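In: the following comprises the amino acid sequence and a computationally predicted model.
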Protein chains: 2
Amino acid sequence: MSNAETLPLVESDVEPCCPPLTERPLSAEEAVRTAAMFKALGDPIRLRLFSLVASHEGGEACVCDISDVGVSQPTVSHHLKKLREAGLLTSERRGTWVYYRVAPSVVAAMGKMLGQFAA
Amino acid sequence: MSNAETLPLVESDVEPCCPPLTERPLSAEEAVRTAAMFKALGDPIRLRLFSLVASHEGGEACVCDISDVGVSQPTVSHHLKKLREAGLLTSERRGTWVYYRVAPSVVAAMGKMLGQFAA
């Protein structure tokens, strides 16, 4: 089996949520779901890792591509897993490495919640 | 002095930051500043309060307008203060109450960081 062979993508099972925040107050249940996504980006190392994946060539990166955030590779893996669990990244194993990509629909939904404010 | 008199607005001293996350990786310093904003929305109660302020009539609300999130008024005040400290809300005292508004430039900058992902 070649390392380059593409195995099935592990899709995020987190559903994007919710209307723009100016539209109506969030319900308690919506707030729980959505706060978990914001919380995942609420750590400086995780946010840097997220931006590294998002801006990496081809829109994907593995731990092997990330070495300059000042934490160990197991810590990088741990944070990438947290971002995946929050639905912000999807992952795909190819050979030795797990490759991560941004989950565009989830992240776009978060942006839409905030993006209606004119700067 | 009338309660309706408008006193000077307490502007947020948090600068909006950064480019879209697909553009380039964040620096460590940018990530620290920006993660604090995402973290402020990473709590379900705070996120609900934020949406209550954002969607309230006239775009502003005081603690006196918020009563149905299942926590005490001092706790509501505490969370609104945290959102203000993170730069996401501005505040203005009018008479007895402090009124909160969304800081549009900061929240728009957060939306812009995320919003370039096609859903």
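Out: Alright, I've got the coordinates.
In: where does chain A have its least confident helix or strand?
Out: Lowest on mean pLDDT, DSSP states H and E among the helices and strands of chain A sits helix A:104-114, with a mean of 88.
In: give me the angle between that one and helix B:104-114.
Out: For helix A:104-114 against helix B:104-114, the angle by axes from the mean of the first three to the mean of the last three CA atoms, to 10 degrees is 170 degrees.
In: grab the most central residue of chain A for me.
Out: Residue closest to the average C-alpha location in chain A (CA atoms, centre = their mean): A:Leu88, at 2.5 Å.
In: the strands in chain A, which residues?
Out: For chain A, the strands defined by DSSP state E cover A:60-62, A:89-94, A:97-102.
In: quickly run through the sheet partners of the first one, with directions.
Out: This means strand A:60-62. strand A:97-102 (antiparallel) (DSSP bridges).
In: which stretches of chain A form helices?
Out: Along chain A, the segments classed as helices by DSSP state H run A:28-40, A:44-55, A:73-85, A:104-114.
In: hey, which of those helices is tucked in deepest?
Out: Most buried of the helices of chain A by mean neighbour count (mean count of other CB atoms under 10 Å in any protein chain shown) is helix A:44-55; its value is a mean of 24. In short, each C-beta sits where N, CA and C put it, glycine included.
In: who touches it?
Out: Helix A:44-55 is contacted by residues A:40-41, A:59-61, A:65-66, A:69-71, A:75-76, A:79-80, A:82-83, A:88-89, A:100-102, B:21-26, B:28, B:31-32, B:34-35, B:38 when judged by CB atoms under 8 Å, 6 or more residues apart in numbering or on different chains.
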